[in-house]
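A.B. asks: After the sequence you'll find the predicted model.
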Amino acid sequence: MREFISRHRLLLGIELLVVIICVLLCFQPEELIFSADADAIAQQRHTDENGNYYRSDLFTLRPGVYRLRLQCKDHEGMLYPTVGTTESSFQALRCNGAFVRAHRREIDIEAYVVDRVDSAYVICSYIEETGQPVERIELYRTSEGWRMLAFILLLAETGINLLIWLRDKLLKGTISIEQGMVAGILALSVLLAYLPYCADYMSMGADGAFHLLRIEGLKETLLHGGQFPVRVQEYWLYGHGYAVSSFYGDLFLIFPALLRLLGFSLMDAYKFFVLAVLAGTAVIAYRSFYRCTGNRCGALMGSVLYELAPYHIYNFYNRNAVGEYLGMMFLPMVICGFYCVYTQDEKKQDYVRAKVPLIVGLSGILQSHILTCEMTVVALVLAALVMWRKTFRKETLRELVKAAGVFLLVNAWFWIPLLKMLSVDKYALSDIVTQDIQHMGTRVAGILQMYPYAGAGQTEMYNCEPIQIGAALWAVLVCYLAVRLCRRGKSAGNPYDKAMKWGTLLGVLCLLLSTRYFPWDMMARIPGIGLLATAIQFPTRLLTIATLFTSFTAAFLVPWLKEESAHWEMQTAGIVRAGSVIAIAVIALWATLFHVNEISYDHGSLRLYTAENMGNVSVVNGEYLLQGMDVSQMQYHDPAADEGLLWEDYDKRGLTINLHVENRSSQELYMELPLTGYRGYGLDADGETAVPYITENRGAHGDLRIAVPSGYAGNIRVSYKGFILFRVAEGISGVTVLLWLGIGLTRRYRKVGKVSRG
């Protein structure tokens, strides 16, 4: 590394100087470009067949990121502000605009300018509004454009230097040609899977709006600094808040949320995130399969087929199932850890470390998608019972118990608060998990389908996940079975036989479980097991595990064929072996090109620049709503107080409300605040006795309800604080991670010391 730095010092210096200049420009104050007060807005008020609207004079915009700020009165109708241009330049100005719903008084709208615009304007329509609700409009040029440029230049600099470093390593022979080819093929597979997003638009699947709102809600909550880790996101449900973070891990969504804070649009932040996950999946799958097989070609084939599997790609684009594709990123680590624990010699040091990928993989899945974690844990338990002889060896059982203990302690900060939230309240989730699920499975025609498509025809589900593992993985299974049949029952003594046999059997079993022919409804009636069965909602989710097992089989196919061909009495054994691998690769490439092309051109295009354009009520099934909540009638509103209860100096920032209240009556009165009434809110008030408190009962639409004693007058502050148990759980996780890292570093230091002394 030192030699690399000295050789390219001038290039690195120039790159670093450019990045530093951009970083310094990131701290520029906002520049006011346009402003209009109530009088100016009234003078430029127009009317057409759609109603009243305001439109400003034309002005010029330079490239950069702009923020349109709107202040309005307490209006009953709806507003639609946006920044537009009369020029025909294609997308020089990128702004969606947004609907400003009734009773909302402030809004910020993002606008991105990528080329000089000489005829820009601000327009705001008044929908069903007789008066003039807008009090002030301002347009600012922010420094976020410089932040984005600095980040992009830093990424470009890192990429260029990495390529130069790899070139130097290849020329010196430090990295072999084979390793370089592996890196190149993995990169190509990532780009092929990412092809639908190599454009200035994106596709929106069934769950897309929900997960984009998770990112935006996390960004807004982190921006206001009220919670960390975040438990209740503030952006949802007209600012009332939604406890999605308590039930659906958003640890990995911090990355796109930080990109949003830098200034990237929600669409671009999400596309960056997708690219990072695709790259992470390819690398993790390759490293995991290579550790199991010890064969680079086999590990490469398994990871590429896993990356390009139809179900994997569908989760990204057709469904935008963030939790499932994040879980799939960590699944290869789990199977790697499990395989190593059961196959390595107990006396070797590697056996002790074999549980590390198991712990990390399960932790990643839990923080990504609880249903995938449930399926994974059940599969591991069943596999451990099948291999009970090895499971109950003293050394194996000890390592498995250690892995389970560390896993629970590391993730205590997430699962303990989750259980606490479930214990103190009732949610819509309890109604959803009791639904019948057998009819949601796929048909045999679906799992045998060779080309990926929407799949709704076979499953009768709208915009459902795909119902096939794809032609390439089926080719792997067919190749394996064909060679096995050619043995005519004679064992070749192949050391990879067990891995191939179990991978094939488990893959086919999961495929069968994903169909509607398995008695899921009967299992749902079995106490204990029924809850686990119905919680997965769709049997087709088991294609996640089926894809993993069949890809695991594909990783072993190359070394397995090599061992098999050694017993063949034919000179063309090598050609047959290579031809099989090439044929599978061609099938995978052809099917993936068909798949990504269909997504890119036939699934519509969405250009989402303004986050406000999405709204904030896409809760899908609303699993984490309080039981009985009706969000259809919710809206932005001020505190709703009983007659005789006065309030003033109202200020709401995120999930924190400050106001002054005065109860002039002779009885206790109540006030409903625009906050979803989850347990865990705290109230601080002036005074020591007879102070306001949060009631057990909630107000309309689940709003938080507070009681104000007779004669009370003072300031109150309501904010989400969670429970003391949350802090304890976070402490347990923090201490466990520090101890684990400390033990690992100590062992590494001792190992290096022994080597140096030797």
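C.D. replies: Noted; the coordinates are in hand.
A.B. asks: Low-confidence stretches in the stretch 101-250 of the chain?
C.D. replies: Across the stretch 101-250 of the chain, the ranges flagged by pLDDT under 70 are 127-131.
A.B. asks: just the strands in it please.
C.D. replies: Applying DSSP state E, counting those that start in this stretch to the stretch 101-250 of the chain gives strands spanning 106-113, 117-127, 134-141.
A.B. asks: Buried residues, the last one. List them.
C.D. replies: Think strand 134-141. By 16 or more other Cβ atoms under 10 Å, the buried positions in strand 134-141 come out as 134, 137, 138, 139, 140, 141. For every residue, glycine as well, the C-beta is placed using N, CA and C.
A.B. asks: Dump those into JSON lines; add distance to residue 259 as well.
C.D. replies: JSON lines is the format used below for the buried residues of strand 134-141 (distance: Cβ to Cβ, whole Å):
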{"residue": "134", "distance to residue 259": "31"}
{"residue": "137", "distance to residue 259": "28"}
{"residue": "138", "distance to residue 259": "25"}
{"residue": "139", "distance to residue 259": "23"}
{"residue": "140", "distance to residue 259": "20"}
{"residue": "141", "distance to residue 259": "20"}
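A.B. asks: still on that earlier bit, tell me which of the strands of the stretch 101-250 of the chain lies nearest to residue 374.
C.D. replies: Nearest to residue 374 among the strands of the stretch 101-250 of the chain is strand 106-113 (38.1 Å), distances taken as Cβ to Cβ.
A.B. asks: circling back: relative to residue 251, which of the strands of the stretch 101-250 of the chain is closest?
C.D. replies: Of all the strands of the stretch 101-250 of the chain, strand 106-113 comes closest under Cβ to Cβ, at 25.7 Å.
A.B. asks: Return the list of helices and strands in contact with that closest one.
C.D. replies: Helices and strands touching strand 106-113, by 3 or more Cβ pairs under 8 Å, 6 or more residues apart in numbering; DSSP states H and E, are strand 64-72, strand 78-85, strand 93-94.
A.B. asks: May I see the ones you listed organised as a markdown table, with mean neighbour count and mean pLDDT added?
C.D. replies: Compiled in a markdown table, these are given as follows (neighbours: other Cβ atoms under 10 Å; pLDDT from 0 to 100):
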| stretch | mean neighbour count | mean pLDDT |
| --- | --- | --- |
| strand 64-72 | 21 | 90 |
| strand 78-85 | 20 | 87 |
| strand 93-94 | 20 | 88 |
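A.B. asks: how about those, which one is nearest residue 146?
C.D. replies: Of those, nearest to residue 146 by Cβ to Cβ is strand 64-72, at 8.1 Å.
A.B. asks: Show me what the closest one packs onto, helices and strands only.
C.D. replies: strand 78-85, strand 106-113, strand 134-141, helix 144-172.
A.B. asks: so which of these gets nearest residue 589?
C.D. replies: helix 144-172 (24.1 Å).
A.B. asks: Okay, angle between that closest one and strand 64-72 too, please.
C.D. replies: 150 degrees (axes from the mean of the first three to the mean of the last three Cα atoms, to 10 degrees).
A.B. asks: just how off-centre is helix 144-172 within its chain?
C.D. replies: 25 Å (Cα atoms, centre = their mean, to the nearest Å).
A.B. asks: And stretch 588-606, by the same measure?
C.D. replies: With Cα atoms, centre = their mean, you get 22 Å for stretch 588-606.
A.B. asks: same thing with stretch 671-679?
C.D. replies: What separates the centre of stretch 671-679 from the centre of its chain is 28 Å, taken as Cα atoms, centre = their mean.
A.B. asks: Pull out the buried positions in that stretch.
C.D. replies: 671, 672, 673, 674, 675, 676, 677, 678.
A.B. asks: Which one of the buried residues of strand 134-141 is nearest to residue 607?
C.D. replies: Among the buried residues of strand 134-141, residue 139 lies closest to residue 607 (Cβ to Cβ), at 20.5 Å.
A.B. asks: next one: phi and psi at the nearest residue to that closest one once chain neighbours are set aside?
C.D. replies: Nearest in space to residue 139, with sequence neighbours left out and distances taken as Cβ to Cβ, 6 or more residues apart in numbering, is residue 34 at 4.1 Å. Torsion angles at residue 34 (phi, psi; degrees, to the nearest 10) stand at phi -150, psi 140.
A.B. asks: let's have the chain start at 17 instead
C.D. replies: Got it, the first residue is 17 from now on, which makes the last one we talked about residue 50.
A.B. asks: I'd like to know how far residue 50 sits from residue 74.
C.D. replies: Here the criterion is Cβ to Cβ, to the nearest Å. By it, residue 50 lies 10 Å from residue 74.
A.B. asks: who's more crowded, those two?
C.D. replies: Just comparing residue 50 and residue 74: by other Cβ atoms under 10 Å the higher neighbour count belongs to residue 50, 19 against 12.
A.B. asks: Grab the nearest non-local neighbour of the residue nearest the centre of the chain.
C.D. replies: In the chain, the C-alpha nearest the mean C-alpha coordinate belongs to residue 338, at 4.1 Å (Cα atoms, centre = their mean). Excluding its sequence neighbours, the residue lying closest to residue 338 (Cβ to Cβ, 6+ apart) is residue 227, at 4.2 Å.
A.B. asks: coming back round to it: will you turn the strands of the stretch 117-266 of the chain into TSV that also has distance to residue 170?
C.D. replies: What follows is the strands of the stretch 117-266 of the chain, written out as TSV (distance: least, Cβ to Cβ, whole Å):
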stretch	distance to residue 170
strand 122-129	20
strand 133-143	28
strand 150-157	22
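A.B. asks: Residue 534 is nearest to which of these?
C.D. replies: strand 122-129 (47.8 Å).
A.B. asks: List the neighbouring strands of the closest one plus their orientation.
C.D. replies: Strand 122-129 has its sheet partners listed here by DSSP bridges as strand 80-88 (antiparallel), strand 109-110 (antiparallel).
A.B. asks: Need the residues that contact the shortest one.
C.D. replies: Counting by Cβ atoms under 8 Å, 6 or more residues apart in numbering, the neighbours of strand 109-110 from elsewhere in the structure are 77, 99-101, 103, 127-130, 133, 136, 281, 623, 625.
A.B. asks: Make CSV out of these and add distance to residue 312.
C.D. replies: Output for these, formatted as CSV (distance: Cβ to Cβ, whole Å):
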residue, distance to residue 312
77, 52
99, 53
100, 55
101, 53
103, 54
127, 49
128, 43
129, 48
130, 43
133, 52
136, 55
281, 39
623, 41
625, 43
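A.B. asks: These: which two are farthest apart?
C.D. replies: Counting by Cβ to Cβ, the most remote pair of these is 103 and 281, 20.5 Å apart.
A.B. asks: Settle it for me: which of these two has more neighbours?
C.D. replies: Neighbours per residue (other Cβ under 10 Å) separate residue 103 from residue 281, with residue 281 holding more: 23 against 14.
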